[in-house]
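1. Okay, here's the prediction I keep looking at, along with the sequence it came from:
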Amino acid sequence: MSAATETESKSPSTGMRLGKVLWDQYSVIFAFVVLVALAAVLNEHFLDIGNITNVLRQVSIVGILSLGMTFVIILGGIDLSVGSVLAFSGTVIMAAQVTYELPIWLSIVLGLVAGALLGIINGFVITYGKITAFIATLAMMTIARSLALYYADAGAISGFDSSYSKIGNEYMAGIPIPVLIFGGIFILSYVVLEKTVFGRHIYAVGGNTQAARLSAISVFKVTILSYVICGITAAIGAVIETSRLNSISTSSSGHMYELDAIAAVIIGGTSLSGGRGRIVGTLFGVLILGVLSNIMNLLNISPYLQGVVKGLIIIAAVLLQKRD
């Protein structure tokens with residue numbers, strides 16, 4: 001009798017633990033499926049191939065930034081400068097092509113190097129300067145944007161090479177190239193975070209910095225490399241944006257992108273306190289934001305109110321994390 005009672009008492013706790021694991025791993029996927037089903041009911045054109053392709057193309061830039069942001073948030077940091085880094089890297093790319101008439105490939109390399117350098121600076125200021133990530137990247141956000149504005153006199157730099165614009169506008173195997181780039185970076189990010197020693201070190205530092213340091217993990221190295229990755233993804237976003245428009249607006253390009261990237265990571269289940277999160281969750285967080293924006297546009301909801309919906313979803317995601 002006592003054994004049966006003990007078994008019965010253990011069953012609910014086992015079921016609760018299983019339910020919690022399933023919720024932690026798949027809640028964002030479930031939310032995405034429900035949202036897509038709701039969108040399909042609200043508008044008959046939502047599932048059209050053209051509309052789905054448009055959604056994927058629209059989220060590709062912020063999606064790439066979100067993948068880089070996932071690294072630093074799992075680390076226990078944050079990067080408020082990614083939008084400005086995108087604008088600065090885009091300025092470098094377009095200036096190299098238009099002003100200095102460099103080859104496209106070299107212009108892209110210089111843009112990626114610019115993003116990586118700004119990421120290195122962020123990492124050094126945070127690690128060696130002992131400045132919180134919020135303050136360090138807030139300062140970089142202002143610096144990078146100001147440098148871009150200064151170079152172009154707060155204007156735009158436009159290119160004339162049609163071959164460069166193919167990166168942001170052409171298709172490969174029926175899929176927009178920006179979407180393929182997003183998918184490729186997602187796969188690479190997944191492998192790095194989930195299958196490498198470096199990825200495990202990121203989780204360790206984010207979970208407990210002191211314990212990671214005592215375990216002979218180079219916290220400085222892991223932090224700097226994570227911010228370099230974030231800077232490079234911002235620069236890749238600049239490549240897509242500048243090629244799609246064949247120009248860069250130093251005042252508006254990348255504006256508020258950092259908030260969308262952070263929102264996607266949080267909605268995807270990554271904890272702002274660090275040490276917990278999955279790159280797959282970020283992918284679905286990006287898709288959720290994209291579907292939300294698309295369906296609100298299809299329903300002619302004012303763009304001024306769309307931010308309210310996004311804000312409420314972010315609050316709900318954080319509250320669910322606190323409950324867990």
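-> Thanks, I have the structure now.
2. quick one: the helices in this protein?
-> 2-42, 49-74, 82-98, 104-127, 133-151, 162-169, 177-195, 197-207, 209-214, 219-245, 257-267, 279-298, 303-323 (DSSP state H).
3. Report the rounded mean pLDDT for the second one.
-> Taken as a whole, helix 49-74 carries a mean pLDDT of 96.
4. on that earlier part again, out of the helices of the chain, which is the most enclosed?
-> Highest mean neighbour count among the helices of the chain (mean count of other Cβ atoms under 10 Å): helix 82-98, with a mean of 28. In short, each C-beta sits where N, CA and C put it, glycine included.
5. What mean pLDDT does that one get?
-> Helix 82-98 comes out at a mean pLDDT of 95.
6. same thing with stretch 145-156?
-> Mean per-residue pLDDT for stretch 145-156: 94.
7. Let me see the residues that make contact with that stretch.
-> Contact with stretch 145-156 is made by 84, 87-88, 90-91, 95, 247-251, as judged by Cβ atoms under 8 Å, 6 or more residues apart in numbering.
8. Poorly predicted segments of the stretch 151-300 of the chain, please.
-> Within the stretch 151-300 of the chain, the stretches with pLDDT under 70 are 160.
9. what about 50?
-> Counting by pLDDT under 50, the stretch 151-300 of the chain shows no low-confidence range.
10. What separation is there between the closest residue in space to residue 112 that isn't next to it in sequence and residue 175?
-> Closest residue to residue 112 apart from its sequence neighbours, by Cβ to Cβ, 6 or more residues apart in numbering: residue 235 at 4.7 Å. Distance, residue 235 to residue 175, using Cβ to Cβ, to the nearest Å: 22 Å.
11. ditto for residue 163
-> 19 Å.
12. Touching, residue 263 and residue 290? I think so.
-> No. The pair residue 263 / residue 290 is not scored as a contact, 11.5 Å apart, by Cβ atoms under 8 Å.
13. Pull the most distant pair out of the contacts of stretch 145-156.
-> 84 and 247 (17.4 Å; Cβ to Cβ).
14. Isn't residue 269 up against residue 26?
-> No. Residue 269 lies out of contact with residue 26 (Cβ under 8 Å); the separation is 9.8 Å.
15. joint contacts of those two?
-> In contact with both residue 269 and residue 26: no residue, using Cβ under 8 Å, 6+ apart.
16. Quick check: the gap between the nearest residue to residue 263 once chain neighbours are set aside and residue 268.
-> The shortest distance from residue 263 to any residue other than its chain neighbours is 5.2 Å, reached at residue 314 (Cβ to Cβ, 6+ apart). Using Cβ to Cβ, residue 314 is found at 11 Å from residue 268.
17. With residue 317 instead?
-> Plainly put, residue 317 is 8 Å away from residue 268 if you go by Cβ to Cβ.
18. Ok, residue 294 next?
-> From residue 294 over to residue 268 the distance is 18 Å, taken as Cβ to Cβ.
19. hang on, the earlier thing: assess the claim that the residue nearest to residue 263 and residue 265 are in contact.
-> No. Between residue 314 and residue 265 there is no contact under Cβ under 8 Å: 10.3 Å.
20. Identify the contacts common to the two.
-> Counting by Cβ under 8 Å, 6+ apart, nothing touches both residue 314 and residue 265.
21. show me the contacts for the residue nearest in space to the middle of the chain.
-> For the chain, the residue nearest the mean C-alpha position is residue 66 (0.3 Å; Cα atoms, centre = their mean). Neighbouring residues of residue 66 by Cβ under 8 Å, 6+ apart: 260-261, 264-265, 268, 282, 285-286.
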